[in-house]
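In: Show me how the following folds:
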Amino acid sequence: MKIESQILLLIFCISFLFSCKNENKKEKVQYVLFSGNIKNHIDQKIKIYGDDTNFQKVIDINKNGSFSDTLKINSKGNYSFLIDQKRTNMYLDRGDQLHLSVDVKNFEQSIIFQGISSDINNYIIQKQILDQTFLLDHSTLFSKEVNEFKDQIREQKQTKNNLLKKYSNLEKEFISSEIRKNHYEYLSQLYSYEGLHPYFTNKINYKTPKSFLDEFKNFDFDNAIDFEKSGVYRKLCFDIFFKIADEKDKVSSVNFMKNQLTKIKTTKIKDLLIKNIANRISLKNNESKDLYEIIMQVSDDQQLKTDLTNKIKEIQKIQERTARGQNSPTFVNYVNSKGGNTSLIDFKGKYLFLDIWATWCGSCIKEFPYLEKIKKKYKNRNIEFIGISIDKEEKYSAWKKMVKEKELGGIQLFADNDWNSKFIQDYGISSIPRFILIDPTGKIIEAIAPPPSNPKLIEIFENLKI
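Out: Numbers count the residues shown, from 1 in each chain. Below is the predicted model:
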């Protein structure tokens, strides 16, 4: 062992003995004294990382598994250490004197911290083990019916809160923060239930009871501290905000968003929500104009407001030229999967249902089975089903292969310039799948038609007596 390491270890041992008498009496120096013993390791180094900083430190591990060094951190908070590609969290503050014991073969279960701030670190490890235990039962948990599910996640939250009581030297601020984090994790599970329950139980069109998300009503969208420290809170700010808005009628939804954004004082939170509202402004969204007005009233970002004003003007232009009854934009000489080239005018006298898709689009592919059923149903009717791929030129072979493998019926065409094809731009298509319905005279019926999986499409066909 080097002389410097021996001196550091001696200092640590003396300090550690003193700290055991009264752990709360920290000597606030500008570094952390970190040592330990590691069993069954392969790598000869332990690496320390700062989660919220650029801090990195590599410490050599001696042949007998011991190590010792100082960590000159800039601020207290969340850090992590890595041994043999196994990584876990830890908490450090200047003045801490920590000793780590770990067996790499039984990694998290064997971790024990001693010294100043050992309680907070032992708590972190035990909470991680708890969370992993809960995750093992993920599918079973989300398969439970509403009341049983709620009871279990409440019990999980309480178990994590009870764990805090096992450690006597935790700061009040940390305890309060962890209780809030546990509650956010609980709310996150509530939010996920509506999507995961039907997935694990094969329940189609499942909806939770109206009162299921009542606990979201008083959610605090303006907690600056938790926004910085909790990834779960940041995600919930977004998820709950739009969940509440989407479940209201148009007028109530607009009022809710405007009122909440007016109340929020934390710039980062407000900006996050405003930018996500801005992302919802599109040709497909009938509420785009209302969302635009909200941002104009509450945002201080002049560049964003200018960009959105230009975007709204472009949307209005597209809406005018693709309104019902307008002549459809056309395409000429698109490559046909069956050979030769095909133009829109070739189908004059027939209703046309256009499917704009690409081989990389999972949502597009999910619609194929529904569309093929409709094609068979209307096989002998006055309607032509046309698929238009907007894949890039280098994906031409992949397109041909998918058309064959998926046994796609109707007419399958390859656009002349992917997203930049004039036909695609004239319709303002910025996301796929996109479906368009045109009448036998070439006029637009629906510039944004329902997808084949939506029963409303058949209703439209029947009303047209196709």
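
In: okay, residue 285: pLDDT?
Out: Looking at residue 285, its pLDDT reads 89.

In: which other helices and strands contact whichever strand or helix holds residue 258?
Out: Assessed by DSSP states H and E, residue 258 sits inside helix 250-263. Counting contacts by 3 or more C-beta pairs under 8 Å, 6 or more residues apart in numbering; DSSP states H and E, helix 250-263 packs against helix 231-246, helix 267-279, helix 288-298. Yep, even glycine has a C-beta here, placed from its N, CA and C like the rest.

In: Residues in contact with the last one: which ones?
Out: This means helix 288-298. Residues from elsewhere that reach helix 288-298, judged by C-beta atoms under 8 Å, 6 or more residues apart in numbering: 250, 254, 257-258, 261-262, 270, 274, 277-278, 280-282, 285, 304-305, 308-309, 312, 315.

In: did I read that right, residue 147 in a helix?
Out: Yes - assessed with DSSP: H, G, I helix; E, B strand; the rest coil, residue 147 lies in a helix.

In: how close does it sit to residue 193?
Out: Residue 147 is 12 Å from residue 193, where distance means C-beta to C-beta, to the nearest Å.

In: higher neighbour count, the two?
Out: Neighbours per residue (other C-beta atoms under 10 Å) separate residue 147 from residue 193, with residue 193 holding more: 20 against 9.

In: related to what we said a few turns ago, of the contacts of helix 288-298, select the buried ones using a PyMOL command.
Out: To isolate the buried members of the contacts of helix 288-298 in PyMOL, using 16 or more other C-beta atoms under 10 Å:
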select buried, resi 254+257+258+261+270+274+277+278+281+304+305+308+312+315
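
In: low-scoring pLDDT stretches of the stretch 1-150 of the chain, where are they?
Out: 1-29, 52-53 (pLDDT under 70).

In: My guess is residue 370 contacts residue 450. True?
Out: No - contact criterion C-beta atoms under 8 Å: residue 370 and residue 450 do not qualify, at 10.6 Å.

In: mind listing what the residue most central in space within the chain touches?
Out: For the chain, residue 235 is the residue whose C-alpha lies nearest the centre (C-alpha atoms, centre = their mean; 7.5 Å). The contact partners of residue 235, taken as C-beta under 8 Å, 6+ apart, are residue 188.

In: SS state for the closest residue to residue 55 other than its chain neighbours?
Out: Using C-beta to C-beta, 6 or more residues apart in numbering and skipping residues adjacent in sequence, the residue nearest residue 55 is residue 73, 6.0 Å away. Three-state call for residue 73 (three-state DSSP): coil.

In: quick one on the thing from earlier: how about residues contacting the helix holding residue 258?
Out: Under C-beta under 8 Å, 6+ apart, the answer for helix 250-263 is 221-222, 241, 244-246, 248, 270, 273-274, 277, 287, 290-291, 293-294, 297-298.

In: what about 10 Å?
Out: 219, 221-222, 241-242, 244-248, 269-270, 273-274, 277, 286-287, 290-291, 293-295, 297-299 (C-beta atoms under 10 Å, 6 or more residues apart in numbering).

In: among those residues, which ones are buried?
Out: Applying 16+ other C-beta under 10 Å to those flags 219, 221, 241-242, 244-245, 269-270, 273-274, 277, 290-291, 294-295, 298-299 as buried.

In: What would the helix or strand harbouring residue 424 look like as PDB? C-alpha coordinates only.
Out: Assessed by DSSP H and E, residue 424 sits inside helix 422-426. Only the C-alpha atoms of helix 422-426 are listed here, as PDB (Å, rounded to 0.1, in the frame of the first residue of the first chain):
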ATOM      1  CA  LYS A 422     -45.300  17.300 -53.600                       C
ATOM      2  CA  PHE A 423     -48.400  15.300 -53.100                       C
ATOM      3  CA  ILE A 424     -47.400  14.600 -49.400                       C
ATOM      4  CA  GLN A 425     -46.600  18.300 -48.800                       C
ATOM      5  CA  ASP A 426     -49.800  19.500 -50.500                       C
END
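
In: Okay, strands next: where are they in the stretch 1-150 of the chain?
Out: Using DSSP state E, counting those that start in this stretch, the strands assigned to the stretch 1-150 of the chain run over residues 32-39, 45-50, 56-60, 66-71, 77-83, 86-92, 97-103, 112-115.
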